[in-house]
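**Student:** Got a predicted structure plus its sequence, pasted below:
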Amino acid sequence: MRRITFTIPRSAPALLVAAAIGCGREPPQGEATRTAAEQNLVSSFTCAPTFNRFAGPPPAGFLPFTPFDSLRSTTKLGRVDNPVFPINFVTGTAALRADLTTYIADSNAAIQLGKAFFWDMQVGSDNKVACATCHFQAGQDTRTRNQINPGGNGSFDAMLSPNYPLAAADFPFVDPLLARDVDNVTGSQGVRATTFVSISSKGVETTTPRVDPVFGTMRQVTGVNAPSTINTVYNHRNFFNGRAQNEFNGVDPFGNRNPSAHIWYDAGSAGVSPISVTITNASAASQAVGPPLNPVEMSAAGRTFPELARKMLLVKPLGLQKVDAKDSVLGLLADTKAGKGLKTTYAAMIQKAFKPAFVSSSKTVTVDNKSYTLTQANFSFFWGMAIMIYEATLIADNSPMDQYALSRTFDAAGAGYVVSEDVSVLNPVVNRMAAEGVTITTDDILYGLELFEKPLPLPGQIGIPPSARLISSPTTMATTASP
Ligand code: HEC
């Protein structure tokens, strides 16, 4: 382990004179003759000799140094609280956010329920599409076949048809040098177009097929690609255009913009009443209630949440899938005898996770002129809350960059410069990149970090912040050409 320690006196003007100049892209060699096969080649970035890492106090007139920090940080200054499980200042441990305890009886049961919902293929009207189908790998979608949406012009352009197998040479879609101008979008494959009919008393969903004008009888593809579900619980709003609102209304993604959204509450002898809820900092819950009824992503057109509930409360949780007995969340519930699913029901899981007034009642509720149990009527609420609480456990906080951030110490005087650091924790990144054919050094990574951390001049002032640590230069940073 190489630990370098350096200290820079606060008043070291000589060290502050070198102006930092950014890195520029080298003239791309042979770009004019670039072929599709060459697009995966590496292009170089060269840092000017005076581009140095910031390691001193910000000079007068500059905004304070804002250090990059890990989500695992426990220091009061650097910590960004998990919005669902913030650290309690008194006990020092993470606990469910106070306002959520109004609804949640057992947060571990809610995590289990959310994970089962997220991974269950039976949620798809075709019993094939789960949230995880599109968010499978590190929360993202890495499938390559039938992932094309025809974009604004409605035509598949050069990529011939639905079911097209994407190849690296198809990227970038727009490239003047290759005389390529394709307005297709790499999306995420969902369900075939169908219309909802009914759920049988055994939980069998019946739908009628439709021929989609674009995708025909093939699976439809969304107009954008699935981003990661890791760390999304931190997003103020979710979705690329932010339409999953910060406040969850218990029913749909639109928060307070839907004033008629309501859930149901059993007030004992007073009966069941509709109540409106506004749960703030819950965009992950607002997001989660979108896909299950979306006729491209998961659903037959016209299915409702109470009907989806009717199905899910009748079927065995994860009943079409093997559940690993060693799974950290669901392992103990795995039905290892039957080989598939969980040895419990969604009704039991909901009952354990949520407070009884939202779950059980002797009265029924009328929705869309149909009679439902309280559990069925509140299913969208359970769905959004449980998935948000599960997603609150999907936090990336142990990467080499996290370990590096956690290894740093800063000057005690609070000027905000790094006193010690352990750069050896970045070696796995260097080695992994080398295995991919990309040459990069730990210093390159730290220069990249510098671009984010370097103190900025106050608004209205011109100037480039000085840098304090001199390095041997120039440095070449290699990076793959982005698609
Ligand atoms: C058919 C594929 C598909 C399925 C199934 C699917 N998603 Fe997504 N997901 C997407 C796409 C595409 C986007 C981006 C949509 C947008 O921003 O408009 C997305 C966006 C998201 C986001 C927002 C992330 C961000 O950074 O804004 C979250 C969180 C998410 N999905 C979770 C879920 C959950 C939970 C489910 C199940 C209820 C689900 N997804 C089902 C494809 C899918």
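**Tutor:** Right, received. Where do you want to start?

**Student:** C-alpha from now on. contacts and neighbour counts both.
**Tutor:** Noted.

**Student:** Tell me which residues touch the closest residue to the ligand within the stretch 1-150 of the chain, please.
**Tutor:** Here the residue of the stretch 1-150 of the chain nearest the ligand is residue 131; by C-alpha to the nearest ligand atom that distance is 3.5 Å. Contacts for residue 131 (C-alpha atoms under 8 Å, 6 or more residues apart in numbering) come out as 118-121, 291.

**Student:** And the pLDDT for it?
**Tutor:** Per-residue pLDDT puts residue 131 at 98.

**Student:** and residue 198, helix, strand or coil?
**Tutor:** strand (DSSP: H, G, I helix; E, B strand; the rest coil).

**Student:** Quick check: the gap between it and residue 296.
**Tutor:** 18 Å (C-alpha to C-alpha, to the nearest Å).

**Student:** List, one by one, the residues from the stretch 251-400 of the chain near the ligand.
**Tutor:** By C-alpha under 6 Å from any ligand atom, the residues of the stretch 251-400 of the chain that approach the ligand are 284, 287-288, 291-292, 297-298.

**Student:** Make JSON lines out of the contacts of residue 131 and add neighbour count, secondary structure and distance to residue 347.
**Tutor:** Formatted as JSON lines, the contacts of residue 131 follow (neighbours: other C-alpha atoms under 10 Å; DSSP: H, G, I helix; E, B strand; the rest coil; distance: C-alpha to C-alpha, whole Å):
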{"residue": "118", "neighbour count": "22", "secondary structure": "helix", "distance to residue 347": "16"}
{"residue": "119", "neighbour count": "19", "secondary structure": "helix", "distance to residue 347": "17"}
{"residue": "120", "neighbour count": "25", "secondary structure": "coil", "distance to residue 347": "15"}
{"residue": "121", "neighbour count": "23", "secondary structure": "helix", "distance to residue 347": "18"}
{"residue": "291", "neighbour count": "18", "secondary structure": "helix", "distance to residue 347": "21"}
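
**Student:** Residues in contact with stretch 136-149: which ones?
**Tutor:** Residues from elsewhere that reach stretch 136-149 (C-alpha under 8 Å, 6+ apart): 132-135, 156, 162-167, 184-189, 219, 221-230.

**Student:** How about stretch 153-167?
**Tutor:** If you take C-alpha under 8 Å, 6+ apart as the criterion, stretch 153-167 is touched by 144-150, 182-184, 214-215, 218.

**Student:** more crowded one of residue 198 and residue 296?
**Tutor:** residue 296 (22 against 16; other C-alpha atoms under 10 Å).

**Student:** Could you say whether that one sits in a helix, a strand or coil?
**Tutor:** Taken by three-state DSSP, the conformation at residue 296 corresponds to coil.

**Student:** residues contacting it?
**Tutor:** Residues near residue 296 by C-alpha under 8 Å, 6+ apart: 190-193, 220-222.

**Student:** And for the helix or strand hosting residue 387, what's in contact with it?
**Tutor:** Using DSSP states H and E, residue 387 maps to helix 379-391. By C-alpha under 8 Å, 6+ apart, the surrounding residues in contact with helix 379-391 are 84, 107, 110-115, 117-118, 229-233, 250-252, 263, 282, 284-289, 305-306, 309, 350, 354.

**Student:** Tell me which entries of the residues you listed lie within helices.
**Tutor:** 107, 110-115, 117-118, 284-288, 305-306, 309, 350 (DSSP state H).

**Student:** so of the contacts of stretch 136-149, which ones are in helices?
**Tutor:** Short answer: those in helices (DSSP H) are 132-134.

**Student:** Throw the residues you listed into CSV and include neighbour count, thanks.
**Tutor:** Listed next are these as CSV, based on neighbours: other C-alpha atoms under 10 Å:
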residue, neighbour count
132, 18
133, 23
134, 23
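
**Student:** quick one: which of the residues you listed is nearest to residue 207?
**Tutor:** Set against residue 207, the nearest of the ones in helices among the contacts of stretch 136-149 by C-alpha to C-alpha is residue 133 (20.5 Å).

**Student:** Distance check, the residue lying closest to residue 84 once chain neighbours are set aside against residue 445.
**Tutor:** Spatially, and ignoring its direct neighbours in sequence, residue 84 is nearest to residue 97 (5.5 Å; C-alpha to C-alpha, 6 or more residues apart in numbering). Using C-alpha to C-alpha, residue 97 is found at 36 Å from residue 445.

**Student:** Quick check: the closest residue to residue 118 other than its chain neighbours vs residue 227, distance?
**Tutor:** Nearest non-adjacent residue to residue 118, counting by C-alpha to C-alpha, 6+ apart: residue 131, 5.2 Å away. To residue 227, residue 131 is 12 Å away according to C-alpha to C-alpha.

**Student:** burial measure for residue 235, as a count.
**Tutor:** By other C-alpha under 10 Å, the residues close to residue 235 number 16.

**Student:** If we ignore the residues flanking it in sequence, what's nearest it?
**Tutor:** residue 283 (7.0 Å).

**Student:** contact partners of stretch 207-226?
**Tutor:** When contacts are defined by C-alpha under 8 Å, 6+ apart, stretch 207-226 is touched by residues 125, 134-135, 140-141, 146-149, 151, 154, 162-163, 185-198, 296-297, 300.

**Student:** what comes up buried for that stretch?
**Tutor:** Under the neighbour-count criterion of 16 or more other C-alpha atoms under 10 Å, stretch 207-226 has 207, 214-215, 217-223, 225-226 buried.

**Student:** in the stretch 301-450 of the chain, which ranges drop under the pLDDT threshold?
**Tutor:** Segments of the stretch 301-450 of the chain classed as low confidence (criterion: pLDDT under 70) are 412-417.

**Student:** same thing with the stretch 151-300 of the chain?
**Tutor:** Across the stretch 151-300 of the chain, the ranges flagged by pLDDT under 70 are 160.

**Student:** What parts of the stretch 51-200 of the chain come near the ligand?
**Tutor:** Applying C-alpha under 6 Å from any ligand atom, we find that the stretch 51-200 of the chain lies next to the ligand at 118, 129-131, 133-134, 187-190.

**Student:** just checking, residue 261 touches residue 276?
**Tutor:** Yes. Contact status for residue 261 versus residue 276: in contact at 6.4 Å, counting by C-alpha atoms under 8 Å.

**Student:** which residues are common contacts for the two?
**Tutor:** Counting by C-alpha under 8 Å, 6+ apart, the shared contacts of residue 261 and residue 276 are residue 249.

**Student:** follow-up on the earlier one: what's the first helix or strand after the helix holding residue 387?
**Tutor:** helix 400-407.

**Student:** Show me what that following helix is in contact with.
**Tutor:** With C-alpha under 8 Å, 6+ apart as the test, helix 400-407 has contacts from 68-73, 420-423, 425-426, 428-429.
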